[in-house]
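Engineer: dropping a prediction and its sequence here:
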Amino acid sequence: MIRAARIFAPTSSFRLVLIDAALMATVFGLLIRTGVFVNPVGFLWDDDGAPRVAALIAITIISMYFSGLYAQRRIESRIYLVQQLTFCAGVSLVSQALLSWIHDPWTLPRGLPLYGLPICILVLFCWRLLREALLSQLEGTGTVMILGTGETGRRIAQHIAANPAQHLKVAGSLTNNLVGAIPPVLGELADLCEVARRLRPDVIVSSLGDSRDVMPITEMLDLRYSGFRIEEAGTACELICRYVSAPDLRPSRMLFSSDFDAKDIPLSMLLTDSSLSVLLLIAGAPFVAVYWALMRISGAGRVFRVTRCAGMNGQPFLSRQLRVDDAGVAAAFARSAHLENWPQLWNVLMRRMSFVGPSPQRLGAAAELSGLLPIHEYRLNVRPGITGWARINLKETPGVIDAVQEVEHDLYYIRNQSFSLYTYILLRGLRAAE
């Protein structure tokens, strides 16, 4: 581990930073060497071009750091990786424009960043894929060891089994209660130190739900100080399953943390909502006119379905959708053009909704669910969305259990709300609509 600015970071992350910087420097060096954009000798030596290119590379690396590209050791989604790299390149272009405006001598030739950064995205993407392939060969999959028989630990094990792309596997569990144990059982809790040092799991998850499973505090502290990673079941569920485990939400977290507080969307998301909604409203208007004409010709009745829903902070608003029947020429046309949610774009433009957020619910249903499930009210701390984290991860099946799962996913989005996650969900939603 390397300690810098009171932050402990693994040496592998610093090596990755150096390799990324070297690859970007190579790309820009080759572009400069071609002489298409600048005179190589004059730019590097007479015009101090090297520090200016180094500043652009540094800004890109810093953007990649804050986007989480150095926090995750393995690739979980290629789409998300491309989105993150593209976002970082955009930040670098905006930063370069700002530097040029503040201090004109730091201006780079226009073609250099415009051509260099896209090539860097391609090179870094290929490098990450190559690194992922090498890690898969050398390291195989990460291992998770679960302590106890708690329900959250069981859900984590089921999620890992259903998602092999995460490169994780359950090594087994330790418990004093064999009834309901998560297979394979590796021993009792008293064997924790011996089993952990033998198997060397990447993560030890504490899910002690049975009264016979007493937390082995001394052994866990010993392993913690020996370098083992130990997480509570709720924290591990957020890291591995990407949703907030409702049974593990403690009142102290809801009272003293700001994880789920009401928050407005960042400016970048607001601008995306506004510009994209205007574009789609204009582009979809002719298709909606055709659908309206087909509905009138067929005598199918009302074109729009209007519902009074709960918005941000519980404020009511009218949710409008096109009424699409199960069969018919008009229905087939509407489904092929994905017109059902077109009227919702007006709510996005008016800032009553966002493209990404919890699904809008009827006022009565929202009040009823809040009475049955108190944490349900926290999903009203952000604007409802046309698509969302729950929608792209859950199958649409009715029931109270699914309502709980939906809230768990919505709370994960609220806690981790960012432009990167917003863009990823938006792209996944568009892909699912195809």
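Structural biologist: That came through, no problem. Numbers count the residues shown, from 1 in each chain.
Engineer: okay, CA-based contacts and neighbour counts for the rest of this
Structural biologist: OK.
Engineer: so which bits of stretch 311-320 are buried?
Structural biologist: For stretch 311-320, burial by neighbour count (16 or more other CA atoms under 10 Å) applies to 311-312, 314, 317-320.
Engineer: what is the end-to-end distance of that stretch?
Structural biologist: Taking CA to CA, to the nearest Å, stretch 311-320 runs 13 Å from one end to the other.
Engineer: what mean pLDDT does that stretch have?
Structural biologist: For stretch 311-320, the mean pLDDT works out to 92.
Engineer: adjust the sequence numbering to begin at 561 for everything that follows.
Structural biologist: Right, with 561 as the first residue, what we last looked at is stretch 871-880.
Engineer: run through who's touching it.
Structural biologist: Stretch 871-880 is contacted by residues 822, 864-870, 901, 903-904, 907, 912-913, 920, 923, 940-944 when judged by CA atoms under 8 Å, 6 or more residues apart in numbering.
Engineer: do stretch 684-700 as well
Structural biologist: Residues from elsewhere that reach stretch 684-700, judged by CA under 8 Å, 6+ apart: 580, 583, 634-635, 641-642, 645, 727.
Engineer: over to the closest residue to Pro743 other than its chain neighbours. Which of the three states is it?
Structural biologist: Distances taken as CA to CA, 6 or more residues apart in numbering put Gly732 closest to Pro743, at 5.8 Å, once the chain neighbours are dropped. Assigned with DSSP: H, G, I helix; E, B strand; the rest coil, Gly732 falls in the strand class.
Engineer: how close does Ala843 get to Arg880?
Structural biologist: In terms of CA to CA, Ala843 sits 18 Å off from Arg880.
Engineer: now Asn873
Structural biologist: Counting by CA to CA - Asn873 and Arg880 are separated by 20 Å.
Engineer: quick one: strands adjacent to whatever helix or strand Leu878 lives in?
Structural biologist: Counting by DSSP states H and E, the element that carries Leu878 is strand 876-882. In the sheet, strand 876-882 lines up against strand 864-870 (antiparallel) (DSSP bridges).
Engineer: give the buried residues for the strand it pairs with.
Structural biologist: 869-870.
Engineer: export it as CSV, just CAs?
Structural biologist: Extracted C-alpha coordinates of strand 864-870, given in CSV (Å, rounded to 0.1, in the frame of the first residue of the first chain):
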residue,chain,number,x,y,z
PHE,A,864,-53.7,9.3,-23.6
ARG,A,865,-53.8,7.6,-20.2
VAL,A,866,-53.5,10.1,-17.4
THR,A,867,-52.5,9.1,-13.8
ARG,A,868,-52.0,11.3,-10.8
CYS,A,869,-48.6,10.3,-9.4
ALA,A,870,-46.3,11.3,-6.5
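Engineer: show me how far that strand is from its chain's centre.
Structural biologist: Taking CA atoms, centre = their mean, to the nearest Å, the mean C-alpha location of strand 864-870 is offset from the chain mean by 29 Å.
Engineer: run through who's touching it.
Structural biologist: Contact with strand 864-870 is made by 876-883, 920-923, 926, 940, as judged by CA under 8 Å, 6+ apart.
Engineer: if we use 10 Å, what do you get?
Structural biologist: 852, 875-884, 900, 903, 919-927, 940, 943-944 (CA atoms under 10 Å, 6 or more residues apart in numbering).
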